[in-house]
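> Kindly return the folded structure for what I paste below:
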Amino acid sequence: MASLLSLKGLHKSYFNEEIETAVLHGIDLDIEKGEFIAIMGPSGSGKSTLMHILGFLDRPTTGTYHFLGEDTAGKNDDELAAIRATKVSFVFQAFHLLPRATVLENVLLPLLYHPGIAPADRENYAQKAIASVGLSDRATFFSSQLSGGQKQRVAIARALVTEPELIFADEPTGNLDSASGLQVMEVLEKLNQAGHTIILVTHERTTAEFADRIVHIKDGLIESDTRTHERRRAGADVKLK
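Numbering: from 1, shown residues only. Predicted structure coming up:
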């Protein structure tokens, strides 16, 4: 596997007047293409701050972050925005769908800002992404007509539509019942098996066990980084609906 990103000695602090609040304290982390990684940690551990830096929503205070072999330190805001539009995507706990838009219209939204996909090709990309999460029969439904699990799968399709290098899933099952959460995690697992790199942020051990590797963050430091030899297979017979 080729290296996707590499962090060395990464620190992050926030400043309020003369008061410094240190959140990350020297993170070293390498992630390869095709990995499925879960980042776990208690509230306030720094896991969300780490995700925001990895996803180019924030910058480190010190340390280095190489993405696809390039040092990101010298990139300006426009260059980082271009990476967010084309190379990374996010799935959040809240679905952030437009309730009066159809599934297809919601999934099309990121393509309006994508410089490399022609307008004539947008619907084909969207239909492909919708099919990948098992919702082709719901493409013309309004998002307000869907169940919670279906809404999250639409959010995953929207994240997929730009064909990003990396998908972030931030507590993607947090608003779902156990059965719907299981279906969403199985979708992410299948996408990873198809070659997508996924970074999952969660506080739920059973959710994290779908990943191949679990990174524990505590007090702004990596407490452990372990690879799982077998993925959790409970509920593997659940079918997407």
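> Looking at Ser43 now. What's its pLDDT?
pLDDT, Ser43: 88.
> Which secondary structure elements does the longest helix that the chain contains sit against?
Once the chain is assigned using DSSP state H, the helix that runs over the most residues is helix 178-193. Applying 3 or more CB pairs under 8 Å, 6 or more residues apart in numbering; DSSP states H and E, we find helix 178-193 packed against strand 36-40, helix 148-160, strand 166-170, strand 197-201. Bear in mind the C-beta positions are built from the backbone N, C-alpha and C, glycine included.
> From Thr62, how far out is the spatially most central residue of the chain?
Nearest to the mean C-alpha position of the chain, by CA atoms, centre = their mean, lies Phe168 at 0.9 Å. In this view, Phe168 and Thr62 are 23 Å apart by CB to CB, to the nearest Å.
> just Thr49 next, same as before
Thr49 is 14 Å from Thr62, by CB to CB.
> Neighbour count for those two, which is higher?
Remark: of Thr49 and Thr62, Thr49 carries more neighbours, 20 against 12, as counted by other CB atoms under 10 Å.
> Just the residues contacting the helix or strand hosting the more buried one, thanks.
Using DSSP states H and E, Thr49 falls within helix 47-54. Residues outside helix 47-54 that contact it (CB atoms under 8 Å, 6 or more residues apart in numbering) are 5, 7, 10, 12, 23-24, 27, 39-41, 58-60, 65, 166, 168, 170, 199, 201, 217.
> Stretch 25-33 now?
1-11, 37, 50, 63, 165, 197, 199, 215, 219-222, 225.
> so where is the protein shaky, pLDDT-wise?
1-2, 229-241 (pLDDT under 70).
> one step back: now do the buried residues in the helix or strand following the helix holding Thr49.
Once helix 47-54 ends, the next helix or strand along the chain (criterion: DSSP H and E) is strand 62-67. Under the neighbour-count criterion of 16 or more other CB atoms under 10 Å, strand 62-67 has 63, 65-67 buried.
> Which single one of these is nearest to Lys190?
Phe67 (25.2 Å; CB to CB).
> so who does that closest one touch?
Counting by CB under 8 Å, 6+ apart, Phe67 touches 4-5, 83, 87.
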